[in-house]
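Asker: Let's see this in three dimensions:
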Amino acid sequence: MAATDEMLDIALRHKPHAACIVPEKREERTTEGGLDAAGSHNHLKYFTSELANANIRVSLFVEADRAQLDAARDLGAPVVELHTGSYCEAWIDGDSDAFQRHLKRIEDAANYGASIGLEVHAGHGLTFETVAPIAAIAGIRELNIGHFLVGEAIFCGLEDSVRRMRQLMDEARAGTLASAAQ
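Answerer: Alright, predicted model coming up:
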């Protein structure tokens, strides 16, 4: 949801279990990046507080950056969703160096976020081809991939789309657990 009075009123009226605050306008960072929690602290504090006071679990969609994670924690958000769009774009562009750099940045941020008490999620642009390395990051508890799955469902059906994605995620996570045990 956007950090606007209108969206806050809707959330407070319907009381969802959780609400993820994301940028609203194109000139904000939205699909090109995460919310600037550090630079928008004063604006966001009201929204995170109001949601939390209503027992709505707050998540902030942010870049994989320590300053953003620290700001999310300081704002009282128990959850962050790391933006994976740049990582996915690097894969689409065939830029393996950038792909690896973004993956490392996401992994480092997930580990740091978990170390400061945040529950870490990730998402944006993940596909069958890009999900496994992100799913293999032990510090990430949830992936947000609904947009891709719904689009893919047009071609193979929602059940098959979800089944394939879940299989790729489970295989990636099992590989991580097997490596950690050795």
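
Asker: and I10, how many neighbours?
Answerer: Neighbourhood size, I10 [other CB atoms under 10 Å]: 13. Backbone N, C-alpha and C define where each C-beta goes, glycine included.

Asker: Distance of the nearest residue to it once chain neighbours are set aside relative to R73?
Answerer: Excluding the flanking residues, the one nearest I10 by CB to CB, 6 or more residues apart in numbering is M1, at 7.6 Å. According to CB to CB, to the nearest Å, M1 and R73 sit 20 Å apart.

Asker: again, but for Y112
Answerer: 10 Å.

Asker: repeat for P23
Answerer: 19 Å.

Asker: ok, back up a step: show me what contacts the residue nearest to I10?
Answerer: Residues in contact with M1 (CB atoms under 8 Å, 6 or more residues apart in numbering) are 7-8, 10-11, 19-22.

Asker: Could you find the lowest-pLDDT member of those residues?
Answerer: Ranked by pLDDT, the contacts of M1 bottom out at V22, which has 92.

Asker: hang on, it packs against F61?
Answerer: Yes: between V22 and F61 there is a contact at 4.4 Å, judged by CB atoms under 8 Å.
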